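Visitor: Have a look at this prediction, sequence included:
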Amino acid sequence: MRMGTIKSSWEIALERTRDVVADRENLEQNQFTTEGKKLVSRYLGDPDAGLEELLERFDGKQAGWVRDGVRDALLSNLTLPADEFALKRSRRAGEGFRAFSNNDRKLRMLLNQLEQFFQEYLGERNRMRQEVDRAYEPRRQQKEAELSKKTGQRVQINPQTDPEYVGLMRQQLMMVDDRYGQVLQGVKDELIAMSA
């Protein structure tokens, strides 16, 4: 039996605790990243909350982990808005990057462009809805006439309940979302670069 291949119980214990230490740090990192995400929830829910002030109580490694959580949460809340409420949330999420930016002028310019982009997106969604409504209207009238003839009673179809209309609307809005989503991802990449 060779002595070099036999490990002492001390060596085995050290190897096992090395993994535990790494796991403990990973656990701590996850806790502080989650704390950062919670800070963003508080920031987005309270118009008087300042993200910079919320971040001040952390330092060292913990501050870095919290900032990672904040950055991730801000990015996930920066979405294409479907309505006014979502627009306000996305706008506030964008403003949250002030806590990271060392170039306020560039950030302000980017946020102004983002605001115009969101308004354009909402306008495009509205135009697309109107186009789908116009394109579907003759089909709706035809279906109503056919059903009325079949049943002997006047039938009215609500487009929102017609699978054909719903499918057409979904398809058209997805095309708009895909196009604008690519641009939004570019803005997010810029914000990540500014906050690194």
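Guide: Nice, thanks for sending it over.

Visitor: Going by C-alpha atoms from here, please, whenever you check contacts or count neighbours.
Guide: OK.

Visitor: What strand or helix carries Gln119?
Guide: According to DSSP states H and E, Gln119 maps onto helix 104-151.

Visitor: just checking, what packs against that helix?
Guide: helix 84-95, helix 163-195 (3 or more CA pairs under 8 Å, 6 or more residues apart in numbering; DSSP states H and E).

Visitor: Name the nearest residue to Ser90, ignoring sequence neighbours.
Guide: Nearest residue to Ser90, sequence neighbours excluded (CA to CA, 6 or more residues apart in numbering): Leu78, at 4.6 Å.

Visitor: Alpha carbons only: can I get stretch 87-98 in CSV?
Guide: Below are the C-alpha coordinates for stretch 87-98, written out as CSV (Å, rounded to 0.1, in the frame of the first residue of the first chain):
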residue,chain,number,x,y,z
LEU,A,87,-46.0,52.5,-19.1
LYS,A,88,-45.6,54.2,-15.7
ARG,A,89,-43.9,51.1,-14.3
SER,A,90,-41.5,50.8,-17.2
ARG,A,91,-40.7,54.5,-17.0
ARG,A,92,-39.9,54.2,-13.3
ALA,A,93,-37.8,51.2,-13.9
GLY,A,94,-35.7,53.1,-16.5
GLU,A,95,-35.3,56.0,-14.0
GLY,A,96,-34.0,53.5,-11.5
PHE,A,97,-30.8,53.2,-13.5
ARG,A,98,-29.8,56.6,-12.1
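
Visitor: mind giving me the domain split of this protein?
Guide: As assigned by automatic domain parsing, the chain contains the domains 9-77, 83-196.

Visitor: Format these as CSV; extra columns: mean pLDDT and mean neighbour count.
Guide: Shown next, in CSV, are those (pLDDT from 0 to 100; neighbours: other CA atoms under 10 Å):
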stretch, mean pLDDT, mean neighbour count
domain 9-77, 85, 16
domain 83-196, 92, 15
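
Visitor: for the protein, which residue is closest to the average position?
Guide: When CA atoms, centre = their mean is applied to the chain, the residue found nearest the centroid is Ser76 (2.7 Å).

Visitor: which stretch of helix or strand covers the closest residue to Ala49 other than its chain neighbours?
Guide: Of all residues beyond its chain neighbours, the one nearest Ala49 is Tyr43 (5.3 Å), with distances taken as CA to CA, 6+ apart. Using DSSP H and E, Tyr43 sits within helix 9-45.

Visitor: which other residues reach the first helix or strand past that helix going along the chain?
Guide: With elements assigned by DSSP H and E, the helix or strand that comes after helix 9-45 is helix 51-55. Around helix 51-55, the neighbours that count as contacts under CA atoms under 8 Å, 6 or more residues apart in numbering are Leu39, Val40, Tyr43, Ala63, Val66, Arg67, Gly96, Ala99.
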